[in-house]
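**Q** A predicted structure for the sequence below; I have some questions about it.
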Amino acid sequence: MAEIIRMPKMSDTMEEGVIAAWLKKVGDSVKPGDIIAEVETDKATMELESYEEGVLLHIGVEEKDAVPVNGVIAIIGEKGENIDALLKEIKSGSSNGKPSEEKKEEKPASKEDKPAAKAEKTEEIDVSGINATVITMPKMSDTMTEGTIASWLKKVGDEIKSGDIIAEVETDKATMELESYEDGTLLYIGVEAGDAVPVDGVIAIIGEKGADYEKLLTAHESKQGGEEAPAAEEKKAEPVSEAKKEDAPAPQTAAPTSVSSSDNGRVKASPLAKKMASEKGIDITLVKGTGEGGRVVRRDIENYTPAVAQTAAAPTAMATSAPAVGQESYKEEKVSQMRKVIAKRLAESKFTAPHFYLTMEINMDKAIEARKSMNEVAPVKISFNDMVIKAAAAALRQHPKVNSSWLGDKIRYNEHIHIGMAVAVEEGLLVPVIRFADSKSLSQISIEAKTLGGKAKNKELQPKDWEGNTFTISNLGMFGIDEFTAIINPPDACILAVGGIKETVIVKNGQMQVGNVMKVTLSCDHRVVDGAVGSAFLQTLKGLLEDPVRILI
């Protein structure tokens, strides 16, 4: 009996996942334990393992498309098994959470087998004789309302085969490939490279050469019903293939570095390898893959030394685009999906949670001496940030009200202490979590902080690495910042902003002398934490850092 494979919930805040790559195709035999796809969340790419045995009968979503949690990904069953009734049930129901994806998958099968259903949807427009398929933008994250076409790898008029990569799509956390599951000609491109496409908006149309795609577009718009916004976007995008058909190949000038020389033009590489190659400026087509079937994996990128010739063209390109002296100029870049999500989440936090701020100076003279002494015997180098994390964890144990969350109709007081550590990455900000920080030694915290920081920058974090923070620390002292305020990282009630250690004049026992001072600012959600509670926490933190021996007790 056929079994529906649904998108699993891979993190506490996850509402959807993106199919980064299908490792099986329709008709392939699948056994329990086989990896059928790679699923990308907002912070990591993970393997989707099958727990069923049989044949892959149906794929419910294209690569680079998003699937909501519990949304239909695929169907596995016996070879030749009729799944029409199951597909109809999925299409008519809303439990899969992604009707548009199922609608798109069923189009090829329904052209002849289900003319009644087609007529019911389009009524006035008969498209049963049009041998073409509309490719739409999938929902790739829980907060996603649109995706950006990073580049087109195909142009109007090109022949497309199933498995070909036609475009690169930028989500909030990564740039992924859009793979075609159709054979035919690229008849229409609905949006230019660099522009955004709303979820379910038309990206392209693939079909038989000469097919009436304009009629198909009109029919597709009418099917959207009350979805006015996507229809409007499709209409607005339509002239791209007409007026700018000749310009469509232009985005490809930046694409050859990610196009493989394999038989079908597809890069045989994991999404992580592609991301690392892009960040390091490596032409991935020149990297020899050591993974299964010659697939380029992370270790291949880490061990690859790019040739000098690869970067030789960069200065020339920059030189030709440099503005003349005295000439006004500017450069605009599309907002990345990650930056959009950061903006949305922090805006919600700032304007929803009533913030107030408490700033305190901490004398770090003894901390400096203690760190120097500890590093003489510690198995790993202890940083001031490690000491702040340890001291904050100890202070939270004494002030549990700070270690809390606002849940609307109730307040959660966490009995465990998981400290989020803000890490700057190229695209924005990630917050890996040091779990049970109060029970770990400074050496353990140091090792874990360095490991998580490296994972964050290489986009190797797994859900367990970023879930469950109860308190967050943001340290900009290493960048020369003396003092700042931070926006609370939901669902925490507080975040600690840590400035740099500054040598300055202090008064001690009525005498002026040179001392090392560090300023910290606690941002508090006033719905949960009051001024007296926050102040008491800072007093304890100050005492621990000004006499670091107490941290170890």
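**A** Good, I have the coordinates. Everything numeric in this text was worked out from a predicted model, so none of it was measured.

**Q** surely G27 and I59 touch.
**A** No - here G27 does not reach I59: they are 10.4 Å apart, not a contact under C-beta atoms under 8 Å. For the C-beta atoms, the positions are set from N, CA and C on the backbone; glycine is no exception.

**Q** neighbour-wise, which of those two wins?
**A** Remark: of G27 and I59, I59 carries more neighbours, 22 against 9, as counted by other C-beta atoms under 10 Å.

**Q** quick one: contacts for the more buried one?
**A** Applying C-beta atoms under 8 Å, 6 or more residues apart in numbering to I59 gives the contacts W22, K25, V26, I73, A74, E105, Y181.

**Q** least confident of these?
**A** Of all the contacts of I59, E105 has the smallest pLDDT value, namely 41.

**Q** pretty sure I130 contacts E214?
**A** No - in this structure, I130 is not within contact of E214 by C-beta under 8 Å, at 9.8 Å.

**Q** quick one: contacts for the nearest residue to M1 once chain neighbours are set aside?
**A** Nearest residue to M1 in three dimensions, chain neighbours excluded: G77, at 6.6 Å (C-beta to C-beta, 6 or more residues apart in numbering). If a contact means C-beta under 8 Å, 6+ apart, then G77 has M1, A2, E3, G54, V55, L57, I83 as its contacts.

**Q** residue contacts, the last one?
**A** For I83, the contacting residues are A2, L57, H58, I75, G77, taking C-beta under 8 Å, 6+ apart as the criterion.

**Q** K155: which of those residues is nearest?
**A** Nearest to K155 among these, counting by C-beta to C-beta, is H58 at 30.4 Å.

**Q** circling back: between I130 and E214, which is the more surrounded one?
**A** A direct count of neighbours by other C-beta under 10 Å for I130 and E214 places I130 higher, at 19 against 15.

**Q** quick one: that one is in a helix?
**A** No - looking at I130 with DSSP: H, G, I helix; E, B strand; the rest coil, it is coil, so not inside a helix.

**Q** ok, back up a step: buried subset of the contacts of G77, written for ChimeraX?
**A** Typed into ChimeraX, the line below selects the buried ones among those, using 16 or more other C-beta atoms under 10 Å:
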select :2,3,54,55,57,83
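
**Q** count the residues that sit near L476.
**A** 17.

**Q** pLDDT wise, what is the nearest residue to it once chain neighbours are set aside at?
**A** Distances taken as C-beta to C-beta, 6+ apart put F484 closest to L476, at 5.9 Å, once the chain neighbours are dropped. F484 is assigned a predicted lDDT (pLDDT) of 96.

**Q** for F484, what are its contacts?
**A** By C-beta under 8 Å, 6+ apart, the neighbours of F484 are L476, A497, G499, T521.

**Q** now V55
**A** G27, D28, S29, V30, I76, G77, E78, K79, E81.

**Q** redo that, cut-off 6 Å
**A** The neighbourhood of V55, defined by C-beta atoms under 6 Å, 6 or more residues apart in numbering, consists of S29, K79.

**Q** name whatever forms a beta bridge with it.
**A** Counting by DSSP bridges, V55 forms beta bridges with S29, G77.

**Q** so the residue nearest to L476, which state does it fall into?
**A** Classified using three-state DSSP, F484 is coil.

**Q** repeat that for S329.
**A** S329 - assigned by three-state DSSP - is coil.

**Q** need phi/psi at it.
**A** Dihedral pair for S329: phi -160, psi 160, per degrees, to the nearest 10.

**Q** gap between I76 and E179?
**A** The spacing between I76 and E179, counted by C-beta to C-beta, to the nearest Å, is 20 Å.

**Q** so those two - more neighbours on which side?
**A** Between I76 and E179, counting by other C-beta under 10 Å, I76 is the more crowded of the two (24 against 19).

**Q** I figured the more buried one hits H58, correct?
**A** No - with contact defined as C-beta atoms under 6 Å, I76 does not count as touching H58 (8.6 Å).

**Q** overlap in contacts of the two?
**A** Counting by C-beta under 6 Å, 6+ apart, I76 and H58 have no contacts in common.

**Q** can you list the low-confidence ranges for the protein?
**A** Within the chain, the segments meeting pLDDT under 70 span 10-14, 42-44, 93-124, 139-144, 171-175, 224-267, 271, 292-293, 306-325, 337-338.

**Q** one step back: ok, the contacts of I59 vs V199, which is closest?
**A** E105 (16.1 Å).

**Q** how long is stretch 414-434 from one end to the other?
**A** Using C-alpha to C-alpha, to the nearest Å, the end-to-end distance of stretch 414-434 comes to 15 Å.

**Q** buried residues of it, list them for me.
**A** Within stretch 414-434, the residues scored as buried using 16+ other C-beta under 10 Å are 414, 417-423, 425, 427-428, 430-434.

**Q** out of the residues you listed, which are inside strands?
**A** I419, G420, M421, V423, V425, G428, L430, V433, I434 (DSSP state E).

**Q** TSV please, covering those and showing distance to G291.
**A** Formatted as TSV, those follow (distance: C-beta to C-beta, whole Å):
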residue	distance to G291
I419	35
G420	33
M421	31
V423	28
V425	25
G428	29
L430	26
V433	30
I434	31
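
**Q** ok, the residues you listed vs S222, which is closest?
**A** Using C-beta to C-beta, those come closest to S222 at G428, 39.0 Å.

**Q** hmm, the closest one is touching R339, no?
**A** Yes - G428 is in contact with R339 according to C-beta under 6 Å; the separation is 5.5 Å.

**Q** what do the two both touch?
**A** By C-beta under 6 Å, 6+ apart, no residue touches both G428 and R339.

**Q** strands along the stretch 151-300 of the chain, start to end?
**A** Assigned by DSSP state E, counting those that start in this stretch, the strands in the stretch 151-300 of the chain fall at 159-160, 165-170, 175-179, 184-189, 196-198, 202-207.
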